[in-house]
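Colleague: 3D model of this:
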Amino acid sequence: MSILTKIEKIGYSILLAIVLFGLYLGLSDDIYFDVNYAQEDGPVEWGTAIMLLGICILSLYHLLRLWGTKKILWKLGTSIFVVLFLFAAGEEISWGQRIFGVESSEFFIENNAQGETNLHNLMVGETKINKIIFSQLLFLVMFLYLLVTPILYRKFGWFKDLANNFAVPIVKWHHTIAFLVVTIFVALNPASRTWEVYELAFGAIFFLIFMGPLNKEIFERE
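Modeller: Presented below is the predicted three-dimensional model:
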């Protein structure tokens, strides 16, 4: 039996092509990479928003389909994922502000680094919230989730029960390997907006995790 499903093979192939093409652009023409490939509202940013929204919709589908058969903790965990990834998708495109030409309020004009209606670019003194929470803290959480969680899940019954009860999808090792490979390629890219590609990679890998987690039974009827 193949380790990867057809969807996973397609997903990884597309992700690898995006990351490698971004690396090529970053090494050959970093200005083009920053101004076109990874620009605000560019293909990379839209790809990230679509992946995050896809996870939100997938979680909502599971929630509605299995509502009558699951316990309250499962419903709570899945509901949190719906809200969390909807928020992340909205933040990624500033809640459609640039698309619909909506002006920012005075608060966001004064306190947002880009004058946009989103939280991750708000300033605390001279530091972006994005740097404190959405970069450093989020990276730590993702590191623990992708590298530590699968070990705990396999070794400790109490942790396995906890994850399953709250409908937390557990990564397979190929998800972790994909994360490490992408991290290396992104780190090799000298362009200043290379982390936009990293966000897209996170979104794509997480979508694949939610599509086919190790504990796939959490998305089955009881």
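Colleague: list phi and psi for the nearest residue to R193 once chain neighbours are set aside.
Modeller: Spatial nearest neighbour of R193, chain neighbours left out: A38 (4.0 Å); criterion: Cβ to Cβ, 6 or more residues apart in numbering. The way it works is simple: take the backbone N, C-alpha and C, and place the C-beta from them, glycine included. When read as degrees, to the nearest 10, the backbone of A38 gives phi -110, psi 20.
Colleague: distance of A38 from G54?
Modeller: 20 Å (Cβ to Cβ, to the nearest Å).
Colleague: for G212, same thing?
Modeller: Distance of G212 to G54, computed by Cβ to Cβ: 14 Å.
Colleague: please apply the same query to M142.
Modeller: In this view, M142 and G54 are 18 Å apart by Cβ to Cβ.
Colleague: look at the two and report which has more neighbours.
Modeller: When M142 and G54 are compared for neighbours, G54 comes out ahead with 18 against 14, by other Cβ atoms under 10 Å.
Colleague: list the contacts for the nearest residue to P43 once chain neighbours are set aside?
Modeller: Residue nearest to P43 in three dimensions, not counting chain neighbours: Y37, with 6.8 Å by Cβ to Cβ, 6+ apart. Y37 makes contact with F21, G22, L25, P43, V44, according to Cβ atoms under 8 Å, 6 or more residues apart in numbering.
Colleague: before we move on, the earlier item: the residue nearest to R193 touches E196, doesn't it?
Modeller: Yes: using Cβ atoms under 8 Å, A38 makes contact with E196 at a distance of 4.0 Å.
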